[in-house]
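Novice: Mind looking at a prediction? Sequence and model below.
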Amino acid sequence: MSTTDPFSAPFGTIFGDAMTVATVEDGVYTYGGAAQPLENFSLHPATHVFHYGSACFEGLKAHKQADGSIAIFRLDDHVERMLISIGKLQMPAPDAELVRTLMVDAVRANLAHTPDNPGSLYIRPTFIGTAPNIGAAASPSATGMLYVITSPVGDYFTGGVRPLTIYIETQNPRSTPQFGSVKSGANYVMALGPTLEAKRDHVADQVLFAPGNDITETGASNFFLCDSERVITRNLDDSFLHGVTRRSVLQIAKDLDLDVEERSVDLEELKAWSEHGEMFLSGTAAVIAPVGAVITQGDRIEVGGGEPGPTTLKLRQHLTDIQTGNSEDIHGWLTVVEP
Ligand code: COI
């Protein structure tokens, strides 16, 4: 692995030097049982994933603990979501135990690359359809590959924990109503055009998709309103990502005696909220990232005076304390990886 500092290198550009790989054919998965060196794949130019988007992935993290061990955060929740995504690609889902083993073996083989806090080892399980078949536009790939790579990471947003500027897109959704909950590459590339445009034209960090004024998610994170009494986020449906960090935030909010509201939020409520409340993004990569301004209908509106709000920072602190073993893991979210 390169010795580059994960806080100076862009997020996700340096890698642990071992990976795990399983293959599937006729619904049968095969795994050699051990990590192997990280290496390039050789794939036929007709490979299904290059043409028909048969790809999905997960994003989770392993953190150094206060006692020196390394633990994966919410491993089984990510395994469960990966199985759902593979199923939505119409590919045969592996046993949960196999996906779990591939993730744990990949982390074990890269333990030495786990950075000190606040850095972490980002884990990227990926599934691709590998059949060389450009005729298979209306059928799933006959073969596939499930692999796990890792990346020592620092902050996702350059500049660390800083108030982000969010551009609100009210015309188009991030994905499609039926596919938004799948963690597939296609959903991310669909958000790219509006995101680059918002960065260029409005100096925004992210786009918040609010089709028909219905606030959903940004290109890479879920979205929350909060104040000293409550957190509010969009109720789940198939149109946007069911974030594991989102779920953790809701649980931590309950633990802190905050009210939790999962419901629709429209643009008018969001604008009114900016005058007295806080907003933040949540995701494995983003953690909990404060919003300092929203841009909508040609106006730039400050949120919470443009500074990270106290409830946002409190939730972030509680989350990272659990992830790093600095507060008790009362919900059983950590899986320690033995060397
Ligand atoms: C994650 O938060 O893990 C994601 O998959 C988002 C990605 C843009 C890094």
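Specialist: Done, it's in. Owing to the predicted nature of the structure, the values given are computational and were not obtained by experimental measurement.

Novice: Could you report the pLDDT at residue 329?
Specialist: On the pLDDT scale, residue 329 is placed at 97.

Novice: With residue 265 instead?
Specialist: Reported pLDDT for residue 265: 97.

Novice: which residue packs closest to it, ignoring adjacent ones?
Specialist: residue 215 (4.4 Å; C-beta to C-beta, 6 or more residues apart in numbering). C-beta: built from backbone N, CA, C; applies to glycine.

Novice: separation between the one you found and residue 28?
Specialist: 43 Å (C-beta to C-beta, to the nearest Å).

Novice: Just want to know which of those two has more residues nearby.
Specialist: residue 215 (23 against 9; other C-beta atoms under 10 Å).

Novice: now the residue of the stretch 51-200 of the chain found nearest the ligand, nearest residue through space, not along the chain?
Specialist: Shortest the stretch 51-200 of the chain-to-the ligand distance, computed as C-beta to the nearest ligand atom: residue-wise this is residue 59, at 2.3 Å. Computed as C-beta to C-beta, 6+ apart, the closest residue to residue 59 that is not its neighbour in sequence is residue 284, at 4.4 Å.

Novice: got the residue ranges for the helices in the stretch 1-150 of the chain?
Specialist: Per DSSP state H, counting those that start in this stretch, the stretch 1-150 of the chain carries helices over the ranges 48-52, 75-88, 96-109.

Novice: you'd agree residue 157 is up against residue 205?
Specialist: Yes. Between residue 157 and residue 205 there is a contact under C-beta atoms under 8 Å: 6.4 Å.

Novice: Pull up the overlap in contacts between these two.
Specialist: residue 164 (C-beta atoms under 8 Å, 6 or more residues apart in numbering).

Novice: how about the residues of this protein that lie near the ligand?
Specialist: 59, 220, 283, 284, 285, 286 (C-beta under 6 Å from any ligand atom).

Novice: Any chance of the residues you listed in CSV with neighbour count, secondary structure and pLDDT as columns?
Specialist: Shown next, in CSV, are the residues of the chain next to the ligand (neighbours: other C-beta atoms under 10 Å; DSSP: H, G, I helix; E, B strand; the rest coil; pLDDT from 0 to 100):
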residue, neighbour count, secondary structure, pLDDT
59, 20, coil, 98
220, 21, coil, 90
283, 21, strand, 97
284, 23, coil, 97
285, 19, coil, 94
286, 21, coil, 94
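
Novice: any idea how far the closest residue in space to residue 262 that isn't next to it in sequence lies from the ligand?
Specialist: Spatial nearest neighbour of residue 262, excluding adjacent residues (C-beta to C-beta, 6+ apart): residue 235 at 4.3 Å. For residue 235, the distance to the ligand (C-beta to the nearest ligand atom, to the nearest Å) stands at 20 Å.
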